[in-house]
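Colleague: fold the following, please.
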Amino acid sequence: MSGNGDAATKAEDDSSVMRVIRVGTRKSQLARIQTDTVVAMLKALYPGLQFEIVAMSTTGDKILDTALSKIGEKSLFTKELEHALERNEVDLVVHSLKDLPTVLPPGFTIGAICKRESPYDAVVFHPKFVGKTLETLPEKSVVGTSSLRRAAQLQRKFPHLEFKNIRGNLNTRLRKLDEQQEFSAIILAVAGLQRLGWQNRVGQILHPEECMYAVGQGALGVEVRAKDQDILNLVGVLHDRETLLRCIAERAFLRHLEGGCSVPVAVHTVMKDGQLYLTGGVWSLDGSDSMQETMQATIHVPVQVPRLQHEDGPEDDPQLVGITARNIPRGAQLAAENLGISLANLLLSKGAKNILDVARQLNDVH
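Modeller: Below you'll find the model as predicted:
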């Protein structure tokens with residue numbers, strides 16, 4: 001990796017004082033594991049720097065009796081962390097990328113998107129239903145999920161099941177599943193289960209034809225102050241090229257649809273032989289009405305990746321869907337963004353806005 005930035009140089013120039021980089025995170029076990037993963041990568045790249053983790057609770061962590069889609073706050077899991085960034089209490093923040101809105105507050109940017117783990121959803125079954133699939137669960141079995149996206153797609157695919165909201169961190173949700181008799185199964189992200197070392201609880205992985213995933217699911221994003229060139233250079237080397245381009249297309253699709261967690265929108269991306277394929281869909285709340293399409297774009301990425309340009313250039317880099325990536329060719333990023341916008345326009349031209357408007361209104365009422 002090249003262009004390791006000024007932070008490491010500063011640390012080496014003054015070996016008697018080790019510079020401390022403060023990293024913000026949510027307090028949950030999963031958030032801490034994700035943050036530790038990113039910090040370990042940074043430590044390997046910058047042995048001359050010290051990293052201090054600052055954990056805090058967010059609005060989404062505190063409001064546990066309401067469905068996420070009802071709270072009406074776009075930055076449920078990010079606002080408090082961004083306040084700490086703004087006040088210079090932390091230098092960077094590690095998030096699940098799917099928690100970051102496609103439009104960030106002024107002054108912030110996503111400075112790195114790390115290599116994506118599995119973006120798929122998994123079914124975790126109550127102990128008495130181990131060995132089953134969603135298809136073979138008894139009639140009227142209750143399946144827990146905090147996501148309108150999952151519920152809408154799965155209701156359409158498995159009409160014999162009932163879907164009910166379940167909140168709390170992964171540990172809490174698994175405990176509710178195992179210790180109470182309310183749920184026959186719950187739906188969780190494969191990546192979260194893997195990071196927590198709970199792969200053995202995965203009873204079924206949902207593939208795109210059953211349930212497409214959330215925008216950015218499975219990837220970690222590192223948020224920084226947009227004008228902090230030093231930290232931007234420091235974290236920029238963590239960008240994974242394929243993950244970045246897939247997520248730019250996904251985020252552009254969602255932003256152009258004006259979607260969020262209050263409407264069922266899902267995606268599926270594949271990068272193969274210089275082609276980026278994006279499938280996107282929208283659903284009514286009960287899954288009865290839906291629309292999905294696939295488009296592709298040619299993405300030219302030179303083998304030789306340019307160095308991070310931190311010596312000169314503007315203070316604030318032009319962002320694409322909230323992301324700054326100066327070490328990935330701009331043309332490839334624009335092609336990915338245009339793919340997302342084009343697919344959104346195609347769905348909108350076929351009536352997707354009506355499906356989303358009705359879903360939004362019904363969600364507000366219920």
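Colleague: just the strands in the stretch 51-200 of the chain please.
Modeller: In the stretch 51-200 of the chain, the segments counted as strands under DSSP state E, counting those that start in this stretch are 92-96, 108-113, 121-125, 142-144, 162-164, 185-189.
Colleague: contacts for the first one, please.
Modeller: Spelled out, that is strand 92-96. Strand 92-96 has contacts (CB atoms under 8 Å, 6 or more residues apart in numbering) with 21-25, 31, 34-35, 38-39, 77-78, 81-82, 84-85, 111, 216-217, 219-224, 231, 234-235. The way it works is simple: take the backbone N, C-alpha and C, and place the C-beta from them, glycine included.
Colleague: if you set the cut-off to 7 Å instead, what comes out?
Modeller: Contacts with strand 92-96, where a contact means CB atoms under 7 Å, 6 or more residues apart in numbering, come from 23-25, 34-35, 38, 78, 81, 85, 220-224, 231, 235.
Colleague: what about those, which are in helices?
Modeller: 34-35, 38, 81, 85, 231, 235 (DSSP state H).
Colleague: thinking again about what came up before, identify the farthest-apart pair in the contacts of strand 92-96.
Modeller: With CB to CB as the measure, no two of these lie farther apart than Gln34 and Ile231, at 18.4 Å.
Colleague: who has more neighbours, those two?
Modeller: More crowded of Gln34 and Ile231, by other CB atoms under 10 Å: Gln34, with 23 against 20.
Colleague: gap between that one and Arg26?
Modeller: Distance, Gln34 to Arg26, using CB to CB, to the nearest Å: 9 Å.
Colleague: and what of Ser349?
Modeller: From Ser349 across to Arg26, the span is 39 Å (CB to CB).
Colleague: Asn338 looks like it's in a helix, true?
Modeller: Yes. Asn338: assigned to a helix according to DSSP: H, G, I helix; E, B strand; the rest coil.
Colleague: in the helix or strand where Leu356 lies, what counts as buried?
Modeller: With secondary structure defined by DSSP states H and E, Leu356 is part of helix 352-365. Across helix 352-365, burial judged by 16 or more other CB atoms under 10 Å covers 352, 355-356, 359-360, 363.
Colleague: where's that helix relative to the chain centroid, distance-wise?
Modeller: The chain centre lies 23 Å from the centre of helix 352-365; the measure is CA atoms, centre = their mean, to the nearest Å.
Colleague: average pLDDT for it, rounded please.
Modeller: Mean pLDDT, helix 352-365: 87.
Colleague: just the CA coordinates of it, formatted as PDB?
Modeller: Extracted in PDB, the C-alpha atoms of helix 352-365 (Å, rounded to 0.1, in the frame of the first residue of the first chain):
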ATOM      1  CA  ALA A 352     -41.300   2.700  -7.900                       C
ATOM      2  CA  LYS A 353     -42.100   6.100  -6.300                       C
ATOM      3  CA  ASN A 354     -45.700   5.100  -5.800                       C
ATOM      4  CA  ILE A 355     -44.700   1.800  -4.000                       C
ATOM      5  CA  LEU A 356     -42.300   3.700  -1.800                       C
ATOM      6  CA  ASP A 357     -44.700   6.600  -1.000                       C
ATOM      7  CA  VAL A 358     -47.400   4.100   0.000                       C
ATOM      8  CA  ALA A 359     -44.900   2.100   2.100                       C
ATOM      9  CA  ARG A 360     -43.700   5.300   3.900                       C
ATOM     10  CA  GLN A 361     -47.300   6.400   4.600                       C
ATOM     11  CA  LEU A 362     -48.400   3.000   5.900                       C
ATOM     12  CA  ASN A 363     -45.300   2.800   8.100                       C
ATOM     13  CA  ASP A 364     -46.100   6.200   9.600                       C
ATOM     14  CA  VAL A 365     -49.600   5.200  10.400                       C
END
